[in-house]
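Trainee: one predicted model, sequence on top.
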Amino acid sequence: MIAVEQLVRYVRSSATTASLSIAAASALGRLSREGPYRLTELARAERVSQPNMTQLVTRMERAGLVRRVADSSDGRGVLVQATETGLEVFRQRRTEHAEALRELVEELTGPEQRAVKAALPALARAIQQRQARS
């Protein structure tokens, strides 16, 4: 499993778009994929305390990556949503990650490439199934 840790570290370090912390990149990714969240729900989903998420969202807001908007279903509630800039940063980082992985796979032998290309979708499927159960 050390190989997985090395792979994740390598792919994460390949992103040069916007110097985001791992926590900021994760929260921005969630908002980009899933849409607006209440601050408390975003903290819970990201497994951080609400005060930490509040600080993170404030920093991301200052950077123009997210904004707070009124919750139309509850006038007292506030949602955090990715801005167009935030969405673009997310897309660029995802492209950079994919490119880093593609370049890495290209360095493998043919049989190794086929094995990786078969394994990655299987792992993604397993992750989605686990997430659906929780």
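Mentor: Everything's here; your move.
Trainee: which residues touch the lengthiest strand in the chain?
Mentor: Longest strand in the chain by number of residues (criterion: DSSP state E): strand 74-82. By C-beta atoms under 8 Å, 6 or more residues apart in numbering, the residues outside strand 74-82 that reach it are 28, 31-32, 35-39, 42, 57, 65-71, 90. The C-beta positions use only the backbone N, C-alpha and C, and glycine is treated the same way.
Trainee: then stretch 28-41?
Mentor: Stretch 28-41 is contacted by residues 20, 42, 45-46, 50, 53-54, 57, 60, 65-66, 69, 71, 77-82, 86-87, 89-91, 94 when judged by C-beta under 8 Å, 6+ apart.
Trainee: before we move on, back to that, now restrict the contacts of strand 74-82 to buried residues only.
Mentor: 28, 31-32, 36-37, 39, 42, 57, 65-67, 90 (16 or more other C-beta atoms under 10 Å).
Trainee: from the residues you listed, which single one is nearest residue 117?
Mentor: residue 90 (24.4 Å; C-beta to C-beta).
Trainee: the closest one: what's it in contact with?
Mentor: If you count contacts by C-beta under 8 Å, 6+ apart, residue 90 has them with 28-29, 32, 82.
Trainee: with adjacent residues omitted, what lies nearest to it?
Mentor: If the residues on either side of it in the chain are set aside, residue 90 comes closest to residue 32, at 4.0 Å by C-beta to C-beta, 6 or more residues apart in numbering.
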